[in-house]
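Novice: Pasting the sequence and the predicted coordinates here, then a few questions.
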There are 4 protein chains.
Amino acid sequence: MTEKKERILHSALRLFATQGFAATATSKVAKEAGVSEGLIFRHFVNKEGLLTAVMEQCSEELRSVLAEVMLTEDPTEVIRKLLELPFSISRSQYEMWRLSYALKWQANRYDQSSQEALKEVLIGAFSKLGYDYPEAETELILMYLDGAATSLLLHEPDGKPEILNVVKRKYGL
Amino acid sequence: MTEKKERILHSALRLFATQGFAATATSKVAKEAGVSEGLIFRHFVNKEGLLTAVMEQCSEELRSVLAEVMLTEDPTEVIRKLLELPFSISRSQYEMWRLSYALKWQANRYDQSSQEALKEVLIGAFSKLGYDYPEAETELILMYLDGAATSLLLHEPDGKPEILNVVKRKYGL
Amino acid sequence: MTEKKERILHSALRLFATQGFAATATSKVAKEAGVSEGLIFRHFVNKEGLLTAVMEQCSEELRSVLAEVMLTEDPTEVIRKLLELPFSISRSQYEMWRLSYALKWQANRYDQSSQEALKEVLIGAFSKLGYDYPEAETELILMYLDGAATSLLLHEPDGKPEILNVVKRKYGL
Amino acid sequence: MTEKKERILHSALRLFATQGFAATATSKVAKEAGVSEGLIFRHFVNKEGLLTAVMEQCSEELRSVLAEVMLTEDPTEVIRKLLELPFSISRSQYEMWRLSYALKWQANRYDQSSQEALKEVLIGAFSKLGYDYPEAETELILMYLDGAATSLLLHEPDGKPEILNVVKRKYGL
DNA sequence: AATGAATGAGGCTTCATTCAT
DNA sequence: GATGAATGAAGCCTCATTCAT
């Protein structure tokens, strides 16, 4: 991957995440990347192809973030790490999270693939911990994850740590 | 409000909610509403004005939905009604909810006004119920609300009722 | 059909006929027609649609020209009129003939539909006149037609009348 | 001439002949020839230069084909060979004929040079054979040539041999 | 109020051409 | 000689908006 190709990818991620895909002109991506507009199409075929490439990068990063949670043995730790996840989004990860969530709301771009594996792990964890409805608990904690991410990504990137304590206590942590 | 103006508003809501604002051409709105392209501009000045009108309608509807929660006396009931809220989104409300959430992710269109009043009520409710951190509990339940809405609006409009039971139990309901 | 639509059609015919379809920019058509470029697409969907519309006009005009020949009773007259046809292309018909021929040479745009009916008539005429191979004679005279059109359209729009006499004599006219 | 240069020339001939000059991208030529995009410009300066080189090749081949006719002593044989010419276009010559004819219809690319010499020969032949209007007969037979080429190149590469017999008889062959 | 033809700016994309390697 | 990344002008097309009717 050439340096310019990476610059395009990076600018596209930033702009798609903040302005939205449809509202971002390819000329803006090119300008921000310091590159000719034509180069985008040589590397990514079309605007859709650029989005796909950006999404693949996001998915990969997301997978690696979730892997950390999923490879944890102790079920209590799994829950704890997941609850903390949205509060520990780093500056460098901010845009990929934001794009991932923003795209869910754009016409038919919901990508659930990365969640499926996580679900299995969570159901296992809740089962081991003796919860009565492991599936429902899993769905609920994933909802919390979506809500926390939404809230933190949209207003206070620094988060309010007391919330984390409150939710942890609901899981006996 | 003439009938055609209302048809425009209705089509715009539907299309903006499902395709996104930027990705929806005004000509599509006109076609779906069965009116001429020019009429949109006579009634709403420009596309942005149409969006504003649609959002106002949404806000009003949202306010009336939240009012039902906020006017409840019993603090336990307030919590319960709020938890149930995302699970009781009716077909006719679906699009207004979806648009409201989709727009949050679009550049600078977040409208917090309706949440502020709700926050006050929730802090009051958690206080009365003797919770240790009413503010943090309020933030948390609002996160849950965002997460549940996200999840329910994006994939299972019918929801999974067991989740509701599980979360209710966390609040002793 | 509005006046501007007709102006577009007319300019497109002229430019496609002289510069070629692929080599003619839609902006050039618009400029020559004294019209905004966008109007082309409102009326004809895309550049291909514009070509189709132009071709349909040509086909119609061509059909009416050939009809004159085909409705002739006397077989000798049929032959004579056909032989004279390319020598009597008027200034106003020039572009439609030129486009019709030019397009034959462009990727897969040969339209034989108008020739089929003519073939039938010619085979009938040569048969009545007692020619030994009416089909082959028909093919030959159509070849002559293509050749004469090619020659006259490409260099001397005024033609050389002696050629006509020479060919007529080969058919005993 | 290097092998790659020849491959470019060959691909260009094929694509220009079938798709048209304006409609053929240099990148397509490079791809079909299996060379890099830049190489075309090293060898031929620009796209126009590539066309010129292709046309020169065509002209040379055409000249050698016509030379065979023109070097014939017997005037009857000259006529016969010319009449047979379009019916004897070989598969390997097909593209050069097609390009030559297609280009006639493109703005200002008609190359008459090779016809001039042929005209002289034909006038001579018709004169020797005692025809009344050798010049007009020459123009006519050249028209036939254009028509036959048009017809044979555009639809039936195998031709219909009876046509040849019919036309030969018109010249007493 | 309502239509729909018309505009023009700007969007996505292609493509001839250049240039560092 | 050869490559292929890169450019930028131009091409096709879309779309918000205007305006005569």
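Specialist: Sure thing, it's come through.
Novice: Chain A: helices as residue ranges?
Specialist: A:3-19, A:26-33, A:37-44, A:47-70, A:75-84, A:91-104, A:113-128, A:134-154, A:161-170 (DSSP state H).
Novice: Work out the gap between the second one and the centre of the chain.
Specialist: The offset between the C-alpha centroid of helix A:26-33 and the centroid of the whole chain comes to 24 Å, using C-alpha atoms, centre = their mean, to the nearest Å.
Novice: where are the low-confidence patches of chain A?
Specialist: A:159 (pLDDT under 70).
Novice: ok, the residue of it found nearest chain D - how many residues close by?
Specialist: Relative to chain D, the nearest point of chain A is residue A:42 (10.3 Å; C-beta to the nearest C-beta). C-betas here are computed from N, CA, C, even on glycine. Residue A:42 has 10 neighbours, counted by other C-beta atoms under 10 Å in any protein chain shown.
Novice: Likewise for residue A:94?
Specialist: Other residues close to residue A:94 by other C-beta under 10 Å number 15.
Novice: can you check residue A:3 too?
Specialist: Residue A:3: 8 neighbours (other C-beta under 10 Å).
Novice: and what of residue A:124?
Specialist: Residue A:124: 15 neighbours (other C-beta under 10 Å).
Novice: Please name the nearest non-neighbouring residue to it.
Specialist: Nearest non-adjacent residue to residue A:124, counting by C-beta to C-beta, 6 or more residues apart in numbering or on different chains: residue A:75, 7.2 Å away.
Novice: Out of the helices of chain A, which one sits most buried?
Specialist: Comparing those by mean neighbour count (mean count of other C-beta atoms under 10 Å in any protein chain shown), helix A:134-154 ranks first with a mean of 22.
Novice: Does anything pack onto that one? Which helices or strands?
Specialist: Applying 3 or more C-beta pairs under 8 Å, 6 or more residues apart in numbering or on different chains; DSSP states H and E, one finds that helix A:134-154 contacts helix A:75-84, helix A:91-104, helix A:113-128, helix B:134-154, helix B:161-170.
Novice: and the angle from the second one to helix A:47-70?
Specialist: Which is helix A:91-104. The directions of helix A:91-104 and helix A:47-70 differ by 120 degrees, with axes from the mean of the first three to the mean of the last three C-alpha atoms, to 10 degrees as the criterion.
Novice: gap between helix A:91-104 and the chain center?
Specialist: 5 Å.
Novice: Now do that helix: everything it contacts.
Specialist: A:13-14, A:16-18, A:20-21, A:54-55, A:57-58, A:61-62, A:65, A:89, A:109-111, A:146, A:149-150, A:153, A:157, B:105-106, B:150, B:154 (C-beta atoms under 8 Å, 6 or more residues apart in numbering or on different chains).
Novice: and the gap between residue A:120 and residue A:113?
Specialist: According to C-beta to C-beta, to the nearest Å, residue A:120 stands 13 Å off from residue A:113.
Novice: That should have said residue A:77, apologies.
Specialist: 24 Å.
Novice: and chain A, which of its residues are near DNA strand E?
Specialist: A:24-27, A:37-38, A:40-42, A:45-48 (C-beta under 7 Å from any atom of the strand).
Novice: Name the residue of chain A that lies nearest to chain C.
Specialist: Closest point on chain A to chain C, by C-beta to the nearest C-beta, is residue A:46, at 17.3 Å.
Novice: re the thing from before, what's the residue nearest to residue A:124 in contact with, if anything?
Specialist: Per C-beta under 8 Å, 6+ apart, neighbours of residue A:75: A:124, A:125, A:126, A:128, A:129.
Novice: of all those, which two lie farthest apart?
Specialist: A:124 and A:129 (9.7 Å; C-beta to C-beta).
Novice: For chain B, what's the nearest residue on chain A?
Specialist: Counting by C-beta to the nearest C-beta, chain A gets nearest chain B through residue A:147, at 2.7 Å.
Novice: any idea what sits nearest that residue, other than its immediate chain neighbours?
Specialist: The nearest residue in space to residue A:147 (C-beta to C-beta, 6+ apart) is residue B:147, at 2.7 Å.
Novice: Surely the one you found is in contact with residue A:141?
Specialist: No. If you go by C-beta atoms under 8 Å, residue B:147 and residue A:141 don't touch, sitting 9.3 Å apart.
Novice: about what we covered before: go through the residues of chain A next to DNA strand E and name the one nearest residue B:82.
Specialist: Once C-beta to C-beta is applied, the member of the residues of chain A next to DNA strand E that ends up nearest residue B:82 is residue A:24, at 35.8 Å.
Novice: residue contacts, that closest one?
Specialist: A:12, A:15, A:16.
Novice: Ramachandran angles for it?
Specialist: phi -100, psi 120 (degrees, to the nearest 10).
Novice: Closest residue of chain A to DNA strand F?
Specialist: Using C-beta to the nearest atom of the strand, the single residue of chain A nearest to DNA strand F is residue A:38, 2.2 Å away.
Novice: For that residue, which residues are in contact?
Specialist: Counting by C-beta under 8 Å, 6+ apart, residue A:38 has no contacts.
Novice: same thing with residue A:17?
Specialist: A:95, A:96, A:98, A:99, A:102.
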